[in-house]
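In: Sequence first, then the predicted structure, then my questions.
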Amino acid sequence: MAVTEPLNDPVLSLVQRESRVDWVRLRTLLVLRWLAILGQTVAVVFAAFYLGLRVELGLCVMAIGASVVSNLIAMSIFPENQRLSDRDAMLTLLFDLSQLAFLLFLTGGLNNPFALLILAPVTISATALTLRSTLILGVLAVFLITCLALWNVPLTSQDGIVLELPGLFILGFWFAIVIGILFLSVYARRVALESHRMSQALLATQMALAREQKLTDLGGVVAAAAHELGTPLATIKLVSSELLDELADQPELAEDAALIRDQADRCRDILRSMGRAGKDDLHLRHAPFGAVIKEAADPHADRGIELHFDFHPTGADDTGGGPEPEPQPYILRRPEVIHGVRNLIQNAVDFASEQVWIEGEWGNGSLSLRITDDGKGFPPDLLGRLGDPFLRRRETAPDSARPGYEGMGLGLFIAKTLLERSGAKVRFLNAGDPFLTAEDTVGLAGARVEVTWPETALGLDRPGGALGPNEQIIS
């Protein structure tokens with residue numbers, strides 16, 4: 001068993017995009033630049049007039065003024081909600097990086113403690129831009145700090161004393177900034193990618209649940225229509241039958257009456273096949289545990305893999321004079337349960353050789369489900385990470401049983417998320433695991449998924465009780 005989804009699934013159309021363009025608003029970068037301008041201005045004024053350092057004020061004002069002018073131009077040309085493409089955002093950060101490096105060049109290079117701020121543009125790029133843009137900015141940042149370490153306008157006091165660090169400290173500061181660029185870039189990009197992928201996977205889960213809810217609602221609408229139209233169709237049939245008897249001496253009109261009666265019967269049969277329950281009938285919301293699981297497995301029943309169902313109370317196979325086994329409980333037909341179980345069964349069927357076993361148990365305050373196939377099982381190196389989205393991306397081999405599919409881990413993530421949302425605990429393992437006993441494997445091999453709910457999670461009820469008071473149907 002592995003984790004795959006069809007490429008043409010509309011749920012996945014949004015989450016398969018790796019593009020990171022149009023993520024950053026221009027306004028965000030402009031606000032950050034205004035803060036940088038304010039900080040640079042305060043630092044230069046403080047150094048020149050309070051600390052008494054000799055600073056090239058003209059060139060520093062020119063560097064800061066360039067940022068001010070660029071901000072004013074951008075604010076006047078583009079709207080506030082303008083979003084930058086990857087290229088435009090990279091060029092914006094490239095300008096900020098160059099402006100900061102020029103200002104550091106005028107104020108002592110790496111002797112200036114504010115040289116650490118050169119990490120900021122690269123970190124922002126790693127968070128929001130593509131890997132290519134981040135590499136360009138990172139390489140340029142390393143090049144610029146190397147130049148600043150070798151060439152700069154030294155900081156001097158009013159007495160002509162040059163303020164500079166020993167060469168060993170400059171070398172150490174250079175190494176610290178380079179390591180900071182590498183570490184912060186990798187760390188920020190890793191966190192941003194995981195956050196983005198998780199949000200995409202959760203979006204796919206929400207869409208899958210909404211689609212399942214719509215299908216469930218549609219079943220209720222069909223059942224309600226079948227119930228509401230039953231009386232009018234019965235009336236039409238009754239009247240047409242009476243007309244048929246009265247028009248026995250008029251063959252042409254009798255033929256029309258017979259046609260009306262036959263079409264009423266046909267409408268009744270169609271509606272009966274679409275749904276039998278009444279409007280808002282509790283049968284639509286409650287069903288035996290085994291019936292709900294079989295409903296989830298029904299789309300995969302005719303795919304050439306034999307499905308074996310076994311539903312029994314816990315300890316039903318034990319011999320002895322124990323208490324009478326509990327009857328099969330009724331549970332809520334929750335869309336997240338049906339869709340989550342359906343995803344697990346789909347994965348089992350996709351990678352089974354010939355058979356899939358679906359076993360359910362109830363009792364001792366819990367409800368459990370086991371899905372086992374006779375395939376090759378989960379990859380051992382991924383067993384501990386199953387349930388994470390975008391686990392890996394690989395093309396299926398041409399001779400695979402599932403051509404046209406990609407494995408991303410999204411199917412099991414959706415199933416695990418939906419089932420855990422219903423209160424279940426999901427466990428992935430291989431039936432042939434050496435740590436399992438022969439009783440655990442019961443002769444089965446391949447991948448196994450175990451799902452366990454507390455008794456109160458699915459609104460369990462025992463058969464034999466009333467579904468609720470009879471409600472008047474207003475027609």
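Out: Good, I have the coordinates.
In: wait, is G304 part of a helix?
Out: No - with DSSP: H, G, I helix; E, B strand; the rest coil as the criterion, G304 is coil rather than part of a helix.
In: tally of neighbours for it?
Out: 9 (other C-beta atoms under 10 Å). (C-beta placed from N, C-alpha, C; glycine too.)
In: Repeat that for the one 10 residues further on.
Out: Neighbour count of T314, defined by other C-beta under 10 Å: 16.
In: So for P403, what's the pLDDT?
Out: Per-residue confidence (pLDDT) for P403: 39.
In: Surely S366 and T452 touch.
Out: Yes - in this structure, S366 is within contact of T452 by C-beta atoms under 8 Å, at 5.7 Å.
In: mind showing which ranges of this protein have poor pLDDT?
Out: 1-23, 200-228, 230, 272-285, 316-325, 389-410, 432-445, 460-475 (pLDDT under 70).
In: One more pass at 50, please.
Out: Within the chain, the stretches falling below the threshold (pLDDT under 50) are 2-19, 21, 276-283, 393-408, 466, 470-475.
In: For the stretch 151-300 of the chain, which segments count as helices?
Out: Taking DSSP state H, counting those that start in this stretch to define them, one finds helices in the stretch 151-300 of the chain at 167-246, 251-274, 289-297.
In: Can you add mean neighbour count and distance to Q158 and give those back as CSV?
Out: Formatted as CSV, those follow (neighbours: other C-beta atoms under 10 Å; distance: least, C-beta to C-beta, whole Å):
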stretch, mean neighbour count, distance to Q158
helix 167-246, 15, 24
helix 251-274, 14, 93
helix 289-297, 19, 82
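In: Save those helices as JSON lines, and put in distance to L117 too.
Out: As requested, the helices of the stretch 151-300 of the chain are arranged in JSON lines below (distance: least, C-beta to C-beta, whole Å):
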{"stretch": "helix 167-246", "distance to L117": "10"}
{"stretch": "helix 251-274", "distance to L117": "68"}
{"stretch": "helix 289-297", "distance to L117": "56"}
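In: Those: which one's closest to L382?
Out: helix 167-246 (16.0 Å; C-beta to C-beta).
In: Contacts for stretch 250-260 next, please.
Out: 236, 240, 243-244, 247-248 (C-beta atoms under 8 Å, 6 or more residues apart in numbering).
In: Which residues are in contact with G365?
Out: 454-455.
In: repeat for F309
Out: Neighbours of F309 in contact, by C-beta under 8 Å, 6+ apart: 290, 293-294, 297, 358-359.
In: Check the gap between it and P79 for me.
Out: F309 is 60 Å from P79, where distance means C-beta to C-beta, to the nearest Å.
In: can you check E255 too?
Out: 72 Å.
In: which residues in the stretch 251-400 of the chain form strands?
Out: Counting by DSSP state E, counting those that start in this stretch, the stretch 251-400 of the chain has strands at residues 286-288, 306-313, 330-332, 355-363, 366-373, 394-395.
In: okay, those in JSON lines with distance to R25 next?
Out: What follows is these, written out as JSON lines (distance: least, C-beta to C-beta, whole Å):
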{"stretch": "strand 286-288", "distance to R25": "49"}
{"stretch": "strand 306-313", "distance to R25": "51"}
{"stretch": "strand 330-332", "distance to R25": "44"}
{"stretch": "strand 355-363", "distance to R25": "49"}
{"stretch": "strand 366-373", "distance to R25": "46"}
{"stretch": "strand 394-395", "distance to R25": "35"}
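In: quick one: which of these is nearest V341?
Out: strand 366-373 (6.9 Å).
In: Within the sheet, what are the partner strands of the closest one, with directions?
Out: strand 355-363 (antiparallel), strand 447-454 (antiparallel) (DSSP bridges).
In: Distance from the last one to the middle of the chain?
Out: Mean C-alpha position of strand 447-454 versus that of the full chain (C-alpha atoms, centre = their mean, to the nearest Å) differs by 21 Å.
In: And for the longest one?
Out: Centroid separation between strand 355-363 and its chain, computed with C-alpha atoms, centre = their mean, is 28 Å.
In: Please export the C-alpha coordinates of it as PDB.
Out: Provided in PDB are the C-alpha atoms of strand 355-363 (Å, rounded to 0.1, in the frame of the first residue of the first chain):
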ATOM      1  CA  GLN A 355      -7.600  -9.300  -1.700                       C
ATOM      2  CA  VAL A 356      -8.400  -6.700   1.000                       C
ATOM      3  CA  TRP A 357      -9.700  -7.600   4.400                       C
ATOM      4  CA  ILE A 358     -11.900  -5.100   6.200                       C
ATOM      5  CA  GLU A 359     -12.600  -6.000   9.800                       C
ATOM      6  CA  GLY A 360     -14.700  -4.200  12.400                       C
ATOM      7  CA  GLU A 361     -15.100  -4.800  16.100                       C
ATOM      8  CA  TRP A 362     -17.100  -3.100  18.900                       C
ATOM      9  CA  GLY A 363     -17.200  -3.500  22.600                       C
END
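In: Tell me what angle it forms with strand 306-313.
Out: Counting by axes from the mean of the first three to the mean of the last three C-alpha atoms, to 10 degrees, strand 355-363 lies at 10 degrees to strand 306-313.
In: Strand 355-363 to helix 289-297, inter-axis angle?
Out: 150 degrees.
In: The last one too?
Out: Strand 447-454 and helix 289-297 meet at an angle of 130 degrees, taking the same axes, to 10 degrees as the criterion.
In: Would you mark the buried spots in strand 447-454?
Out: 447-453 (16 or more other C-beta atoms under 10 Å).
In: Stretch 101-117: which residues count as buried?
Out: 101-112, 115, 117.
In: do the same with stretch 144-159
Out: By 16+ other C-beta under 10 Å, the buried positions in stretch 144-159 come out as 144-145, 148-149, 152, 155.
In: before we move on, what about stretch 377-388?
Out: Buried, per 16+ other C-beta under 10 Å, within stretch 377-388: 377-379, 382, 386-388.
In: Return the member of those residues nearest to R268.
Out: Nearest to R268 among the buried residues of stretch 377-388: G387, at 47.1 Å, using C-beta to C-beta.
In: List the single closest residue to the closest one in space, sequence neighbours excluded.
Out: Once flanking residues are discounted, G387 sits nearest to K416: 4.2 Å by C-beta to C-beta, 6 or more residues apart in numbering.
In: Next, the angle from whichever strand or helix holds that neighbour to strand 366-373.
Out: Using DSSP states H and E, K416 sits in helix 410-421. Between helix 410-421 and strand 366-373, the angle comes out at 170 degrees (the same axes, to 10 degrees).
In: elements contacting helix 410-421?
Out: Where contact means 3 or more C-beta pairs under 8 Å, 6 or more residues apart in numbering; DSSP states H and E, helix 410-421 is packed against helix 167-246, helix 335-351, strand 425-430.
In: Which positions within it qualify as buried?
Out: Here helix 410-421 shows 410-419 as buried, counting by 16+ other C-beta under 10 Å.
In: which one of those sits closest to A89?
Out: Using C-beta to C-beta, L410 comes nearest to A89 of the buried residues of helix 410-421, at 28.2 Å.
In: State the phi and psi torsions of the residue of the chain positioned farthest from its centre.
Out: What lies farthest from the middle of the chain is D249; by C-alpha atoms, centre = their mean that is 70.3 Å. Backbone torsions of D249, given as degrees, to the nearest 10, read phi -90, psi 0.
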